[in-house]
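# Return atomic coordinates for the entry below.
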Amino acid sequence: MEIKILGTGCARCKSLEKATLQAVSESGIDATVTKVEDFLEIMKLGVMTTPALVVDGKVLVKGQVPSVAEISQLLINVLAE
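Numbering: from 1, shown residues only. Predicted structure coming up:
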């Protein structure tokens with residue numbers, strides 16, 4: 001699973017990155033988590049509001065910071081597809 005955290009480095013972006021890393025760790029999901037700070041790359045994914053969470057190329061969250069439990073559930077849902 002490829003997970004991207006989109007954001008320019010603000011506090012909310014850092015919170016989403018931390019929560020995502022915790023969700024991946026706690027759920028035991030095999031995933032690569034990367035941070036994308038280049039605004040042109042973020043715009044290529046159709047995201048205009050950060051932070052955003054992209055899993056396997058699909059934007060799942062934008063403009064908010066979900067809880068660790070919510071992120072875990074999103075990741076489990078992607079695996080079930």
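# for the strand or helix carrying residue 60, packing partners?
Per DSSP states H and E, residue 60 falls inside strand 58-62. Where contact means 3 or more C-beta pairs under 8 Å, 6 or more residues apart in numbering; DSSP states H and E, strand 58-62 is packed against strand 52-55, helix 68-80. For the C-beta atoms, the positions are set from N, CA and C on the backbone; glycine is no exception.
# Quick check: the gap between residue 8 and residue 14.
10 Å (C-beta to C-beta, to the nearest Å).
# Between those two, which is the more surrounded one?
When neighbours are counted by other C-beta atoms under 10 Å, residue 8 and residue 14 differ, and residue 14 comes out ahead with 15 against 12.
# Dihedrals phi and psi, the more buried one?
Here is the backbone geometry of residue 14 (degrees, to the nearest 10): phi -70, psi -40.
# What residues does the closest residue to it other than its chain neighbours make contact with?
What sits nearest to residue 14 in space, not counting adjacent residues and going by C-beta to C-beta, 6 or more residues apart in numbering, is residue 7, at 7.8 Å. Residue 7 makes contact with 13-14, 16-17, 35-37, 42, 50-52 under the criterion C-beta atoms under 8 Å, 6 or more residues apart in numbering.
# change it to 6 Å
Residues near residue 7 by C-beta atoms under 6 Å, 6 or more residues apart in numbering: 13, 50-51.
# Check residue 31 too.
Contacts of residue 31 (C-beta under 6 Å, 6+ apart): 1, 3, 24.
# mind checking pLDDT for the second one?
Per-residue confidence for residue 3 comes out at a pLDDT of 97.
# and the angle for the one helix or strand it maps to with strand 58-62?
Counting by DSSP H and E, the element that carries residue 3 is strand 2-6. Our comparison of strand 2-6 with strand 58-62, counting by axes from the mean of the first three to the mean of the last three C-alpha atoms, to 10 degrees, yields an angle of 40 degrees.
# now strand 2-6 against helix 68-80, angle please.
Using the same axes, to 10 degrees: strand 2-6 against helix 68-80 is 140 degrees.
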